[in-house]
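K.L.:
mind looking at a prediction? Sequence and model below.
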Amino acid sequence: MVLIFMKCFLRTLLFFILCLSTVFADPLQHGKYFHEDMKLDLTKYYVSEKLDGFRGYWNGKELRSKTGYPYNPPKWFIENLGDQPLDGELWIDRDEFTQLIPILNGTENPENWHKVNYMIFDMPNIQKPFGERVEYMKYYIPSLNLSYVKMIPQEKIQSIDELKHKLNQVVAMKGEGLMLHHEDALYGSGRVNHLLKVKQYDEDKGRVIGYKPGKGKYKGMVGALIIELKDGSIVNVGSGLTDEMRKNPPAINEVVAFIYNGLTNHGKPRFPRFKRLRNPSME
């Protein structure tokens, strides 16, 4: 009886701790995806490279992930970051994403933090339009005098052709994409309209051969489609499915298209997302 009580108590305590970590997670802003049909006045936006790393939020005391998880960097990495909150990306270099993972999760020698750069793209507590925050960062970030803390360059563009050219340049250098940030926007919380991701996607298609069950709010529905590609490899695609599709998914043997961002070290599509149903007879 005592053992059962202790198990129940520990489970309740763990649930309470998890709830607290969610409640006190930092209210970061996140971007939406850019589409040409948005018809934006691009002259009102700053463009910067979207670095392929992990979100790093310095709240003046701790360095946290986008979900509020506290990183555990060496003392030297954070002791001189100052008391101003910083929003940025923990990043090594283009196409070096997999090197970063064991460093941040603590399975590598802490000395490897010397490989990590903290690339700043915003300062949340500066309650001024983004254009003014850019000018403030140009002064403030260098004043920290830390070689591994840098401001991500923010530039202005004039047209969609210029944006496409810049995106092609970044992708050719194995970069992930671009970010667009409206010059008049204040720092927001959650998914905001003034911050947009601009990416080039790879696309593939495959045959649905099964389903993975959903969890949490998708319990009783489809969590992901199990898709067989033309080379026989298997990909699970859950992102991009609507609630209706999770209730009534594409049938077995139906062909679907998905988009992804390059390949993993194992040759699998990275970050696959459902795009649409395909009709093989029309191709």
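P.N.:
Arrived safely, thanks for sending.
K.L.:
can you give me the helices for the chain?
P.N.:
2-23, 75-78, 97-104, 130-143, 160-172, 243-247 (DSSP state H).
K.L.:
pick out the shakiest of the ones you listed, pLDDT-wise.
P.N.:
Least confidently modelled of those is helix 2-23, at a mean of 39 by mean pLDDT.
K.L.:
ok, the spatially closest residue to residue 125 that is not a sequence neighbour - how many residues close by?
P.N.:
Closest residue to residue 125 apart from its sequence neighbours, by Cβ to Cβ, 6 or more residues apart in numbering: residue 85 at 4.9 Å. (Glycine included, C-beta is placed from N, CA and C.) Residue 85: 18 surrounding residues under other Cβ atoms under 10 Å.
K.L.:
I'd say residue 85 and residue 127 touch.
P.N.:
No. Look at residue 85 against residue 127 with Cβ atoms under 8 Å: they stay out of range, at 11.7 Å.
K.L.:
how much space separates residue 203 from residue 278?
P.N.:
In this view, residue 203 and residue 278 are 10 Å apart by Cβ to Cβ, to the nearest Å.
K.L.:
so for these two, which residue has more residues nearby?
P.N.:
Neighbours were counted for residue 203 and for residue 278 using other Cβ under 10 Å; residue 278 has more, 17 against 11.
K.L.:
if the closest residue to the more buried one other than its chain neighbours is in a bridge, with which residues?
P.N.:
Nearest residue to residue 278, sequence neighbours excluded (Cβ to Cβ, 6+ apart): residue 255, at 4.4 Å. Counting by DSSP bridges, residue 255 forms beta bridges with residue 207, residue 278.
K.L.:
all further residue positions should be reported with the first residue as 540.
P.N.:
With 540 as the first residue, the last one maps to residue 794.
K.L.:
hmm, residue 794 is touching residue 744, no?
P.N.:
Yes. Applying Cβ under 8 Å as the test, residue 794 and residue 744 come out as touching, 5.7 Å apart.
K.L.:
overlap in contacts, the two.
P.N.:
Counting by Cβ atoms under 8 Å, 6 or more residues apart in numbering, the residues touching both residue 794 and residue 744 are residue 817.
K.L.:
about what we covered before: if I look at residue 742 and residue 817, which residues touch both of them?
P.N.:
Residues touching both residue 742 and residue 817 by Cβ under 8 Å, 6+ apart: residue 796.
K.L.:
please pull out the lowest mean pLDDT helix or strand from this protein.
P.N.:
Least confident helix or strand, the chain: helix 541-562 with a mean of 39, by mean pLDDT, DSSP states H and E.
K.L.:
and this structure, what are its domains?
P.N.:
Annotated domains of the chain cover 568-738, 741-821 [automatic domain parsing].
K.L.:
ranking those domains by burial, who's on top?
P.N.:
Compared across the domains of the chain, domain 568-738 shows the largest average neighbour count, a mean of 16 (mean count of other Cβ atoms under 10 Å).
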